[in-house]
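Peer 1: My questions are about this predicted structure, shown below with the sequence.
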Amino acid sequence: MSLRLPGKLLQLSSFLWAVQSALPRTHVRSFGIKSLNEAKPSRFNVGPGLPVLESTSTAALRRKANSLPLRSGVIATKKGMTAVFDADTGKRTPCTVLQLDRVEVVSHKTRQKHGYFAVQVGSGWKHPSNMTKSLLGHFSANGLSPKRHVFEFRVKDESGLLPVGESIRANWFQEGQYVDARSNTKGKGFAGVMKRHGFHGQDRSHGVSLTHRSLGSSGPGQGGGSRVYPGKKMAGNMGNTQNTVQNLKILKVDSETGVVVVSGAVSGPKGCTVRIQDAIKKPWPEVAPVVEAATA
Ligand SMILES: *[C@@H]1O[C@H](CO)[C@@H](O)[C@H](O)[C@H]1NC(C)=O
């Protein structure tokens with residue numbers, strides 16, 4: 001739309017426009033849907049000293065390798081808790097007794113075939129009549145008897161892949177090293193919000209009727225959105241979810257009985273299955289043969 005301006009004013013305005021466009025542009029306000037300004041650099045992951053993130057899957061795998069253990073873990077059964085006493089100071093340390101039962105390497109996962117390196121480990125024994133034929137074939141192809149529990153432990157590279165069929169004993173871990181223990185927590189069933197999320201509940205009196213332990217309002221009213229937001233904490237199933245307890249010290253190891261004693265508590269009831277692997281937030285154990293192979 002052209003303004004109807006007297007000739008002189010028109011000249012003046014075009015002169016002003018020329019002056020303005022010649023000046024260094026500091027800030028240009030833009031209106032409309034498409035901005036005339038060039039896109040700002042991202043606020044994230046820019047600046048000196050920050051690594052440049054690559055979006056390729058190879059780069060992602062390289063990054064992942066920094067947080068993967070060098071060697072496999074083992075499957076154990078939680079036997080219960082006890083305590084050990086320091087002979088000198090008399091200090092009591094609560095500990096958990098874990099036991100290994102016929103832990104053997106079932107197969108490998110490799111970067112070439114599956115996209116990642118992992119050791120598939122099995123433990124215990126299961127009656128063949130209670131197994132699918134495909135699983136039976138998987139075990140017998142590798143010369144193993146049927147295993148009750150099978151889990152994968154991710155490792156950094158090929159040097160962490162143990163030979164298939166090799167049995168792992170309790171001396172896989174050294175006394176004094178640290179492990180992460182992964183297991184399912186005790187199931188609590190369908191729990192209310194006070195137990196599940198620590199809500200305060202409502203008043204005992206002051207007119208509250210039959211809703212003393214309920215959550216109250218679950219969101220804003222009409223005008224405030226009038227819907228329940230995703231992730232709203234509500235009553236529901238509690239427990240029986242995987243939990244990792246990090247940095248447990250190995251206090252005792254007995255290869256004869258397969259017993260591994262770790263300091264502190266491990267999630268789950270007695271008899272539950274626990275996966276233990278070298279702690280990712282501590283230095284890797286020194287004397288492990290796989291670590292030697294990796295450095296050689
Ligand atoms: C198969 O599994 C069921 C359920 O766990 C068990 O009761 C049964 O004894 C098993 N059968 C054999 C032959 O072990």
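Peer 2: Great, that's in hand.

Peer 1: May I have the beta-bridge partners of the most centrally placed residue in the chain?
Peer 2: The C-alpha lying nearest the average C-alpha coordinate of the chain belongs to Thr244 (C-alpha atoms, centre = their mean; 8.3 Å). Note on Thr244: beta-bridge partners by DSSP bridges are Arg182.

Peer 1: Output the set of residues of the chain in proximity to the ligand.
Peer 2: For the chain, the residues in contact with the ligand (C-beta under 6 Å from any ligand atom) are His127, Ser129, Asn130. (Glycine included, C-beta is placed from N, CA and C.)

Peer 1: Just want the phi and psi numbers for His197.
Peer 2: phi -120, psi 0 (degrees, to the nearest 10).

Peer 1: ignore the last one, Gln112
Peer 2: As for Gln112, its main-chain torsions (degrees, to the nearest 10) stand at phi -70, psi -40.

Peer 1: Ala170 too?
Peer 2: phi -60, psi -30.

Peer 1: Also the one 10 residues further on?
Peer 2: Here the main-chain torsion angles of Asp180 (degrees, to the nearest 10) amount to phi -100, psi 130.

Peer 1: same check, this time on the one 10 residues further on
Peer 2: Backbone torsions for Phe190, taken as degrees, to the nearest 10, come to phi -80, psi 110.

Peer 1: now Thr241
Peer 2: Residue torsions, per degrees, to the nearest 10, at Thr241 are phi -120, psi 160.

Peer 1: Is the residue nearest to the centre of the chain in contact with Asp180, as I believe?
Peer 2: Yes. Under the criterion of C-beta atoms under 8 Å, Thr244 makes contact with Asp180 at 5.5 Å.

Peer 1: coming back round to it: are any of the residues of the chain next to the ligand buried, and which?
Peer 2: Buried by 16 or more other C-beta atoms under 10 Å: nothing, out of those.

Peer 1: Narrow the residues you listed to those in strands?
Peer 2: Using DSSP state E to define strands, no part of the residues of the chain next to the ligand is located there.

Peer 1: quick check, nearest of those residues to Arg111?
Peer 2: Nearest to Arg111 out of these is Asn130 (C-beta to C-beta; 33.7 Å).

Peer 1: what about the closest one, distance to Ala118?
Peer 2: As judged by C-beta to C-beta, to the nearest Å, Asn130 and Ala118 stand 26 Å apart.

Peer 1: same question, Met81
Peer 2: For Met81 relative to Ala118 (C-beta to C-beta), the value is 30 Å.

Peer 1: who's more crowded, the two?
Peer 2: Neighbour tally, Met81 and Ala118, criterion other C-beta atoms under 10 Å: the higher count belongs to Ala118, 21 against 13.

Peer 1: How about the backbone phi and psi for that one?
Peer 2: phi -150, psi 150.

Peer 1: and the gap between it and Lys64?
Peer 2: From Ala118 to Lys64 the distance is 12 Å (C-beta to C-beta).

Peer 1: repeat for Gly271
Peer 2: Distance, Gly271 to Lys64, by C-beta to C-beta: 33 Å.

Peer 1: Between the two, which has more neighbouring residues?
Peer 2: Taking other C-beta under 10 Å, Gly271 and Lys64 do not tie; Lys64 has more neighbours (12 against 9).

Peer 1: Assumed that one was part of a helix.
Peer 2: Yes. Assessed with DSSP: H, G, I helix; E, B strand; the rest coil, Lys64 lies in a helix.

Peer 1: For it, report the pLDDT, please.
Peer 2: pLDDT for Lys64: 83.

Peer 1: Contacts only, for it.
Peer 2: Residues near Lys64 by C-beta atoms under 8 Å, 6 or more residues apart in numbering: none.
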